[in-house]
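Visitor: after the sequence you'll find the predicted model.
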Amino acid sequence: MHMPGTPVVVGVPSPLAQAVRLAGQDQLIRHLRTQPERLRTGLNILTDATVRYLDSLRASNISGVYLMVDHADYAVLCEEEYATFGLPGDSAVMANLPKSVWLKMAYLRGTSPMFKVAAQMGVNAIGWDDRGGEIDLQAAKSQWDGAIFGGLDPEKHLRGGTPSGIRDASREAQNLMGGRRFMVGCGAPSLM
């Protein structure tokens, strides 16, 4: 139970990320390339279940959804593969959220996020490992029109940092972003 007026954001793995957790990365990629229709059928089932789950939270008055997207990453799939197998489910999840949801965020796991494809998901914010990936906050600012979530490192700042170190890194990131379209946060910890 949460305090009235406190925003609640629910984290949900994307349908393709759920498929990886069920089958493993190697088997998923193999099926994506050798049995695409069977994979699509399974992804449709996962998408429907995810939409139903989020719909069941309607009475909870959730404020946001944090969609964990593992495959919108050039190191894993090409744009065409993600657009065929990942984007339909991710877009469907975002399009069918309860009306109370005002934060629609995608967290793009990996080192080379596909910002261009993410723009088609229907999200208003994105996050990624801006400290360890190929694209930093400044580069993302020119590639993404929505809000950006980042600026902190989960290991350096949150696990091993101090309050003053977190404050300083947060201020540095806010200044870099000009204080606009920015939410301080961190990339996913390695255990996620």
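Guide: Looks like it arrived, so ask away.
Visitor: from here on, contacts and neighbour counts on C-alpha atoms
Guide: OK.
Visitor: so in the protein, where's the weakest helix or strand by average pLDDT?
Guide: When each helix and strand of the chain is scored by mean pLDDT, DSSP states H and E, helix 115-118 comes last, with a mean of 85.
Visitor: for the chain, which segments count as strands?
Guide: 9-13, 64-69, 103-108, 125-128, 147-152, 182-186 (DSSP state E).
Visitor: below-threshold pLDDT in this structure: ranges please.
Guide: 1-3, 188-192 (pLDDT under 70).
Visitor: closest to residue 88 out of the strands of the chain?
Guide: Closest of those to residue 88 is strand 64-69, at 12.3 Å (criterion: CA to CA).
Visitor: what does the closest one contact?
Guide: Defining contact as CA atoms under 8 Å, 6 or more residues apart in numbering, one finds that strand 64-69 is touched by 7-14, 16-17, 90, 101-109.
Visitor: and these, which are buried?
Guide: 8-9, 12-14, 16-17, 90, 101-109 (16 or more other CA atoms under 10 Å).
Visitor: next one: the residue in the chain sticking out farthest from the centre from residue 65, what distance?
Guide: The C-alpha centroid of the chain is most remote from residue 164, which lies 27.6 Å away (CA atoms, centre = their mean). As judged by CA to CA, to the nearest Å, residue 164 and residue 65 stand 29 Å apart.
Visitor: list the contacts for the residue lying closest to residue 174 once chain neighbours are set aside?
Guide: Closest residue to residue 174 apart from its sequence neighbours, by CA to CA, 6 or more residues apart in numbering: residue 182 at 7.1 Å. Counting by CA under 8 Å, 6+ apart, residue 182 touches 147, 148, 149, 150, 174.
Visitor: returning to what we had before: please name every helix or strand in contact with the least confident helix or strand of the chain.
Guide: Applying 3 or more CA pairs under 8 Å, 6 or more residues apart in numbering; DSSP states H and E, we find helix 115-118 packed against helix 137-143.
Visitor: which residues touch the helix it packs on?
Guide: 115, 116, 130, 148, 150, 151, 173, 176, 177.
Visitor: and that helix, how far from the chain's centre?
Guide: 16 Å (CA atoms, centre = their mean, to the nearest Å).
Visitor: can you check stretch 83-102 too?
Guide: Using CA atoms, centre = their mean, the offset of stretch 83-102 from its chain centre is 12 Å.
Visitor: alpha carbons only: can I get it in PDB?
Guide: Coordinates of each C-alpha in stretch 83-102 appear next as PDB, following Å, rounded to 0.1, in the frame of the first residue of the first chain:
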ATOM      1  CA  ALA A  83      10.800  -3.800 -35.300                       C
ATOM      2  CA  THR A  84       9.400  -7.300 -36.300                       C
ATOM      3  CA  PHE A  85       9.600  -9.100 -33.000                       C
ATOM      4  CA  GLY A  86      10.000  -6.500 -30.200                       C
ATOM      5  CA  LEU A  87       8.300  -3.300 -31.200                       C
ATOM      6  CA  PRO A  88       4.800  -4.700 -31.800                       C
ATOM      7  CA  GLY A  89       4.500  -6.100 -28.300                       C
ATOM      8  CA  ASP A  90       6.200  -3.100 -26.700                       C
ATOM      9  CA  SER A  91       3.900  -0.700 -28.500                       C
ATOM     10  CA  ALA A  92       0.800  -2.700 -27.600                       C
ATOM     11  CA  VAL A  93       1.700  -2.700 -24.000                       C
ATOM     12  CA  MET A  94       2.200   1.000 -24.000                       C
ATOM     13  CA  ALA A  95      -1.000   1.700 -26.000                       C
ATOM     14  CA  ASN A  96      -3.200  -0.300 -23.700                       C
ATOM     15  CA  LEU A  97      -2.200   1.200 -20.300                       C
ATOM     16  CA  PRO A  98      -4.800   2.400 -17.800                       C
ATOM     17  CA  LYS A  99      -5.700   6.100 -18.200                       C
ATOM     18  CA  SER A 100      -4.200   7.000 -14.900                       C
ATOM     19  CA  VAL A 101      -0.700   6.200 -16.300                       C
ATOM     20  CA  TRP A 102       1.100   9.500 -17.100                       C
END
